[in-house]
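Q: Sequence first, then the predicted structure, then my questions.
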Amino acid sequence: MRALLGSVKALNGAEAVAYAVKQSNVDVISAYPITPQTIIVERLSEFVANGEIHAEYVNVESEHSALSTCMGAAAAGARTFTATSSQGLALMWELLYVTSGLRLPVVMAVVNRALSAPINIHCDHSDSIGARDSGWIQFYVENSQEAYDTVIQAFKIAEHSDIQLPVMVNLDGFHISHTLENVNILPDQVVSDFVGFRKPANVRVEYLGREVPAVLDGVTPISLGIIALSDYYYEFKMMLVDAIDKVKSVIKEVHNDYLKVSWRGYGDGLIDPYGVDGADIVLVIMGSAAGTVKYVVKKLLESGLRVGVLRLRTFRPFPYEEVVKVLSGVKVIGVMDRATSPGAYGAPLFNELRSALYDLDSRPTVVNFIYGIGGRDLEPLTVKRICEKLLEFGRGVKPASYVEYVGVRR
Amino acid sequence: MSRFEIRWHGRGGQGIVTAADLTATAAIKLGFYAQSIPTFGTERRGAPVIAYNRIDRQQIPERSPVVEPDAVVVADPHLLINPKPLGAGLKSGGYLVVNTVKSASEVREFFKRDDIKIAVVNATKLAMDVLRAPIVNTVMVGALVSATGVLTLESVINAVRDRFPPRLADPNAQLIKQAYESVKVE
């Protein structure tokens, strides 16, 4: 085996994100600090102030302005990055839809944090899960290393000529953003060669009879963000739907290319199964708690139980074909959501997964376990108890409820 | 060593999170896998603070709080009035490293356990003499690595030099060395 490229650093997840941005030939950064994302913004502003990167750092007065700035710069052809969390993402809301609607390949790190009220700074996924229908690609990473790797991949995916969509890289607040651990950093030149520089996609301009870069560069006038009422809006949305359907193959391709330069990969880039082959029960999960689940599952596997974990790396696009393929034949599935959807029958990951499995000839028992809301710890013992419950369902015990909230007082 | 886990107890302002970061950084530089996990409330000076370390030769998948530590470090002597959370889960044969003017046997009285090793250091005095401030984090790092032998003295001094400019690194390196030499284990 070839020696690993690069060097091992002790970084927390937020620093790992900032380091990836530093190496990715970014032109414009605009962000507003909010706990637990602040470290990302601090490090990036230091890199710019020290002249370590030649990006424009635009200070703004709010997250609404931060994303607006990135949109404007991206429309002019720049590679742009921003980062936010929780209330900051909420304030960006109307721009989320504008960014994807204008097909601007902005990359944003979201450090997942619960939404107010009550005020809370700790992790859950309710901020970004709420934005699932906004047309952004969404990654959920497991640790600082994957946060670093995914930010680098995100630029290539967002700017791919068939895609041209914004990407959200989600990392769990504190559990990843503030946990210092081993991160393997690639040499600057390797990352620079991998991501290259942004090449805007072309559009055909009828009156010129040729293709021009789809940017507001003042050379060839084009319009972005025009009005499209009932006559054309639907067609624009359909183009967005078609584009995000192509994302899965692009993610796999970019993930595979990155694997070749870094020797690091995460399943096929979309799903990351562990012990799923031949498993009686499987837990499905996203984010950092997948690590704790893997730790428990490893012990259970060693004791002879057939237990697996399926970690979803993307929620948008939802990898339904891949999920159905690896889960067909599994009798009992536990879906672990770190978000609530008050009034719904179960949380979002559970609903999408169960819906994807509906067309199987023999449908499995699928139970939702909602955990970790507002930063509540998920302890290995709790995961073990969930596994024991699922094994019972596998022996024919009928679940008392298909939606369970774990680790909560009531 | 297969796995070594540490729990840090202190108060906001004593630099406990930095102490855990320095410990993990030193371990990573020695070629181990390591984690430094802080716990945050609303940041208040003086409020009790906890941080955790895991050190291993293998990759560390889990990221839940440490519940059965191999070592507990107590950076604030006044936390001893409530010893229960300090000793919680501490493994038999484990280490309790305390900033105190008391002797190890006096500290043992609080915990009523014969199956752990107790290390004491007057960290507040050392820090006041050198830094003129009761910031005891680096002293406790020195005491921890001396008492447990989990990492080398050189590795934690290097971690300090890596993180801080010389005007801060020099006195803190001196403190680590003093703590390393003066900690008493029983």
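A: Alright, I've got the coordinates.

Q: Next, residue A:108: phi, psi?
A: Dihedral angles of residue A:108 (phi, psi; degrees, to the nearest 10) stand at phi -130, psi 130.

Q: quick one, what contacts it?
A: Contacts for residue A:108 (C-beta atoms under 8 Å, 6 or more residues apart in numbering or on different chains) come out as A:67, A:70, A:81-84, A:136, A:166-169. Placement of C-beta: from N, CA and C, glycine included.

Q: List just the nearest of the residues you listed to residue A:127.
A: Nearest to residue A:127 among those: residue A:84, at 8.6 Å, using C-beta to C-beta.

Q: Quick check: the closest one touching residue A:64?
A: No - shown here, residue A:84 and residue A:64 do not form a contact pair, counting by C-beta atoms under 8 Å, at 10.4 Å.

Q: Quickly list what's touching both of these two.
A: Common neighbours of residue A:84 and residue A:64 (C-beta under 8 Å, 6+ apart) are residue A:92.

Q: Which of these two has more residues huddled nearby?
A: Shown here are residue A:84 and residue A:64; by other C-beta atoms under 10 Å in any protein chain shown, residue A:84 has more neighbours (28 against 16).

Q: For chain B, see how far away the more buried one is.
A: To chain B, residue A:84 is 18 Å away according to C-beta to the nearest C-beta, to the nearest Å.

Q: contacting residues for that residue?
A: Listed by C-beta under 8 Å, 6+ apart, the contact partners of residue A:84 are A:31-32, A:34, A:37, A:63, A:66, A:92, A:108-111.

Q: Longest helix in chain B, please.
A: For chain B, the longest helix by residue count, based on DSSP state H, is helix B:166-182.

Q: For the helix or strand just after that helix, which strands pair with it and how are they oriented?
A: Moving toward the C-terminus from helix B:166-182, the next helix or strand (DSSP states H and E) is strand B:184-185. Its sheet considered, strand B:184-185 pairs with strand B:117-121 (antiparallel) by DSSP bridges.

Q: Torsion angles phi and psi at the residue in the stretch 51-200 of chain A that chain B sits nearest to?
A: Going by C-beta to the nearest C-beta, chain B is nearest to residue A:180 of the stretch 51-200 of chain A, at 4.0 Å. When read as degrees, to the nearest 10, the backbone of residue A:180 gives phi -80, psi 130.

Q: Pretty sure it sits against residue A:10.
A: Yes - look at residue A:180 against residue A:10 with C-beta under 8 Å: they come within range, at 5.6 Å.

Q: okay, those two: which has more neighbours?
A: residue A:180 (27 against 24).

Q: Beta-bridge partners for that one, please?
A: Partner residues in beta bridges with residue A:180, using DSSP bridges, are residue A:12, residue B:36.

Q: for chain B, which spans come out with low pLDDT?
A: Filtered on pLDDT under 70, chain B yields the residue ranges B:1, B:42-43.

Q: can you rerun that using 80?
A: Chain B contains residues with pLDDT under 80 at B:1, B:40-45.

Q: how about the strands of it, start to end?
A: Using DSSP state E, the strands found in chain B span residues B:3-11, B:33-38, B:48-56, B:71-74, B:95-99, B:117-121, B:184-185.

Q: Can I get those in CSV including mean neighbour count?
A: Shown next, in CSV, are the strands of chain B (neighbours: other C-beta atoms under 10 Å in any protein chain shown):
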stretch, mean neighbour count
strand B:3-11, 22
strand B:33-38, 24
strand B:48-56, 22
strand B:71-74, 27
strand B:95-99, 26
strand B:117-121, 23
strand B:184-185, 14
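
Q: coming back round to it: so the longest helix of chain B, near chain A or not?
A: No - if you take C-beta under 8 Å from any C-beta of the partner chain as the test, helix B:166-182 misses chain A, and the best it gets is 16.0 Å.

Q: Skip the chain neighbours and tell me the closest residue to residue B:145.
A: Nearest residue to residue B:145 in three dimensions, chain neighbours excluded: residue B:151, at 4.7 Å (C-beta to C-beta, 6 or more residues apart in numbering or on different chains).

Q: Just give the number of residues close to that neighbour.
A: Residues near residue B:151, counting by other C-beta under 10 Å, number 24.

Q: does the residue nearest to the spatial centre of chain A sit in a helix, a strand or a coil?
A: The residue lying closest to the centre of chain A (C-alpha atoms, centre = their mean) is residue A:139, at 1.5 Å. The three-state label given to residue A:139 by DSSP: H, G, I helix; E, B strand; the rest coil is strand.

Q: Could you give the bridge partners of it?
A: Residue A:139 has these beta-bridge partners by DSSP bridges: residue A:169, residue A:314.

Q: For it, give me its contacts.
A: Going by C-beta under 8 Å, 6+ apart, residue A:139 touches A:150, A:154, A:167-170, A:313-314.

Q: do the same with residue B:15
A: Residue B:15 neighbours (C-beta under 8 Å, 6+ apart): B:135-138.

Q: how about the residues of chain B near chain A?
A: Near chain A, when you scan chain B using C-beta under 8 Å from any C-beta, you find B:20-21, B:24-25, B:28-29, B:33-38, B:40, B:42, B:60-65, B:67, B:159.

Q: how near is residue A:377 to chain B?
A: 6 Å.

Q: rewinding a little: could I get the strands of chain B as CSV with distance to residue A:326?
A: Output for the strands of chain B, formatted as CSV (distance: least, C-beta to C-beta, whole Å):
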stretch, distance to residue A:326
strand B:3-11, 31
strand B:33-38, 28
strand B:48-56, 29
strand B:71-74, 41
strand B:95-99, 45
strand B:117-121, 48
strand B:184-185, 52
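
Q: burial of residue A:123, as a residue count?
A: For residue A:123, the neighbour count with other C-beta under 10 Å is 31.

Q: Then the one 3 residues further on?
A: Burial of residue A:126 is recorded as 21 neighbouring residues (other C-beta under 10 Å).

Q: shouldn't it be in contact with residue A:116?
A: No - using C-beta under 8 Å as the test, residue A:126 is too far from residue A:116 to be in contact (10.6 Å).

Q: Show me whatever sits in contact with both of these two.
A: Applying C-beta under 8 Å, 6+ apart, one finds that no residue jointly contacts residue A:126 and residue A:116.

Q: For residue A:21, which residues are in contact?
A: Contacts for residue A:21 (C-beta under 8 Å, 6+ apart) come out as A:29, A:40, A:44, A:81, A:151.

Q: Make sure I have this right: it is in a helix.
A: Yes - counting by three-state DSSP, residue A:21 is found in a helix.

Q: Could you measure from it over to residue A:269?
A: 20 Å (C-beta to C-beta, to the nearest Å).

Q: swap in residue A:100?
A: For residue A:100, the distance to residue A:269 - C-beta to C-beta - is 21 Å.

Q: just to revisit the earlier point, so which of the contacts of residue A:21 are in helices?
A: Short answer: the contacts of residue A:21 in helices (DSSP H) are A:40, A:44, A:151.

Q: any idea which of those residues has the most stuff around it?
A: Within these, neighbour counts (other C-beta under 10 Å) peak at residue A:40, which reaches 31 neighbours.

Q: can you tell me which residues contact that residue?
A: Neighbouring residues of residue A:40 by C-beta under 8 Å, 6+ apart: A:14-15, A:17-18, A:21, A:31, A:83, A:109, A:111, A:177.

Q: tell me which parts of the stretch 101-250 of chain A are close to chain B?
A: Residues of the stretch 101-250 of chain A lying near chain B (C-beta under 8 Å from any C-beta): A:121-122, A:143, A:174-176, A:178-182.

Q: how does it look with 10 Å?
A: Residues of the stretch 101-250 of chain A lying near chain B by C-beta under 10 Å from any C-beta of the partner chain: A:119, A:121-122, A:142-145, A:172-176, A:178-183.
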